[in-house]
Each structure stands twice: as C-alpha cells, then as structure tokens.
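Asks: model the structure of this input:
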Amino acid sequence: MVFSSRRGSWASRFLLASLCLASATLAQAQAPDSAKIEYRIETVSQNLHVLFGAGGNIAVLTGPDGALVVDSDVLDMSPKLRGALAMVSDKPARILVNTHFHFDHTGGNPSLGRSGAVIVAHDNVRKRLVARQVINVGTEIVMEPTPPEGLPVITFENGLSLHVNGEDIAVNHVKHGHTDSDAFVFFARANVLHTGDLMMSIGYPFVDAGNGGTLSGLIAGQERMLALCNENTRVIPGHGSIVAKAELQAYHDMLLTIWQRIGGLVKKGRSLEQVQSANPTREFDERWGKGFVSPQLFVQRVFIELAAPRKKG
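Replies: Prediction:
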C-alpha cells in the first residue's frame, strides 16, 4: 500500500499507517482526527516549554531574542501551533531547528518560515526535503517536496552552537541513526536534552533504513547523548512523555541487549523465522512493545540490518 500527499492531512494518515504496523486491520484502526487534537503545554524550566501535539514533540525556548523552536509537527497542526507558540511567547519564532526530515517533525516548517523563522537543520534534512520522500513504515508514505519557505536556510555537517535568550544550545548530528539526517539538541543551562526520534518513550524505535537509518548508529548516538546528561537532566523524546537520564539509559541498554542477541543468532546462521521464534525482545515487550513499532517488525528490521553484507572500506 502506498500513501501519497502534498503534506496535507498527515496527522491521521501517519497514525493510521502506524496502527497497521501494529497488526491492526483497516476496519479496526481508528486514527485520531488532528482537528480534535489540542496542544498540551509542559514547562520544563523558566523559559523552556514542550508542546505535545499530533506529531513529534516540540521544544520552545522563549525570551527577548524571540522564540527558538525545535521541530514543527505535522502540516495540519500549523494554525494550532502558531496559537500555542503565542501562549508561551510574546515574541514570534525567530529560529526553527529540525531534528530530522520526517514530516511529523517538519510539517509546520512552511508556516513558520513564512512568518520569518530562520530554519536550521543538518545538510541531509534539506537534501531530503527538496526532493520527493518515501518512508517505508510497512506501507510506503510518499511526501512531495517541501515548499521553499519550509526549507532549512542554515545547514551543518557535524553540529553547531546557538546562543539565544541567555541559553547555550548545542545541536549535534548523529550519522545513520533514526535516519541519516538526525540531530539532538542540548540546552546547557537548562540541562534539557531534545533527542528527536533517537528516543521515543512510547515504544521501540522506528529505524528508517530506506533513508539512511541504522540501529547501530542510533545506539551510538544515544551514548553521545548520555555523556551530556546527569541525574537532573530532563530528556524530551521525539514522541512520548518527558523522562530522565535513567530512562534514556534503560532505553539504550534495552536496544543494545536486543542488538547483541540478534547479532549472536545471525552469526550462528539463524534465519529470520528462527530469530523471531527465539523471542529476543521477550522481557521488554510489556514496556516497549505497545507502540506503533511491533516487536515482530522491530526484530525483522534489526535482523535485516545485521544480516546485510558488510561493505568493505
């Protein structure tokens, strides 16, 4: 099945495709209507807030310099996003940072770009957004190119630093993590980390292998994020509730355990069916297996990554 869109009506369509991943039938799937979704706002420090909407979690740093926003949700939520931003900031969005290119994190780019926000992202975010995008989530989601006003105008290869509203912000690229375009954002003074989809506190990660993602890279990126954290760090995942360093560590350790188990079975020549029968996610499914990435799909994708021929050099 292939869904195609010009970036409209995607809150419900993405969630519908996600439900299909969890083995729901089309008749059973009841995708939320973005028209009925309102932003929930949580304050994590004096001038740093999180907006929970239909797509990826949004961080908003407020102050005299204007708002710095991390990610922009799906297109359908753009009017409500502007309203939510006005509730936490008396100044317009000045800078928008994208953690990666997926439409549930960049759908609001054109709206904020037209309003004057400078969009900042990794080089590959722009490369992906200027072209037609195909995301395989068990079904193919096809997105048409983003309008020019929604494209990053400042891009980076490895990372950059921003100094806005009295805050020091580090934006760091992770090679081949959730995609090939990921970056995590660390607010040093507030001691807050935005992981993008390098972590989702709602379930197993979606690794977009078709767009350069790998679980090995995602795990390596988590290790870099953990090195920035202490016991007081607040962690904003790409999707799900805010957590602490301990939860990020547990998520990393869980993924590493599954990676090592499947890797050991692959080295023994086991087939995908045999690996799935071994149930390498067994003790983690109760906590992590109820998101839109089912345990079966997660194991399948890890197996494919590990069983792929190694490239020389």
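Asks: CA only for contacts and neighbour counts going forward, please
Replies: Will do.
Asks: report the buried residues of the lengthiest helix in the chain.
Replies: Counting residues, the longest helix found in the chain (DSSP state H) is helix 245-267. The neighbour-count check on helix 245-267 (16 or more other C-alpha atoms under 10 Å) flags 245-246, 248-249, 251-252, 254-256, 258-259, 261-263, 265-266 as buried.
Asks: any idea which helix or strand comes after it?
Replies: Next helix or strand after helix 245-267 toward the C-terminus (DSSP states H and E): helix 272-277.
Asks: give me the residues contacting stretch 184-191.
Replies: Outside stretch 184-191, the residues that touch it by C-alpha atoms under 8 Å, 6 or more residues apart in numbering are 45, 48, 99, 167-174, 192-196, 198, 225, 229, 232-234.
Asks: that older thread, keeping just the C-alphas, turn the longest helix of the chain into CSV.
Replies: Output of helix 245-267 as CSV, limited to C-alpha atoms (Å, rounded to 0.1, in the frame of the first residue of the first chain):
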residue,chain,number,x,y,z
LYS,A,245,18.6,10.2,32.2
ALA,A,246,17.8,6.9,33.9
GLU,A,247,15.0,6.2,31.3
LEU,A,248,17.3,7.1,28.4
GLN,A,249,20.0,4.8,29.8
ALA,A,250,17.4,2.0,30.2
TYR,A,251,16.2,2.5,26.6
HIS,A,252,19.8,2.4,25.3
ASP,A,253,20.6,-0.7,27.4
MET,A,254,17.4,-2.5,26.1
LEU,A,255,18.3,-1.8,22.5
LEU,A,256,21.9,-2.9,23.0
THR,A,257,20.7,-6.2,24.6
ILE,A,258,18.4,-6.9,21.7
TRP,A,259,21.0,-5.9,19.1
GLN,A,260,23.6,-8.3,20.7
ARG,A,261,21.1,-11.2,21.0
ILE,A,262,20.0,-10.9,17.4
GLY,A,263,23.6,-10.4,16.3
GLY,A,264,24.6,-13.7,18.1
LEU,A,265,21.9,-15.6,16.3
VAL,A,266,22.8,-14.1,12.9
LYS,A,267,26.4,-15.2,13.4
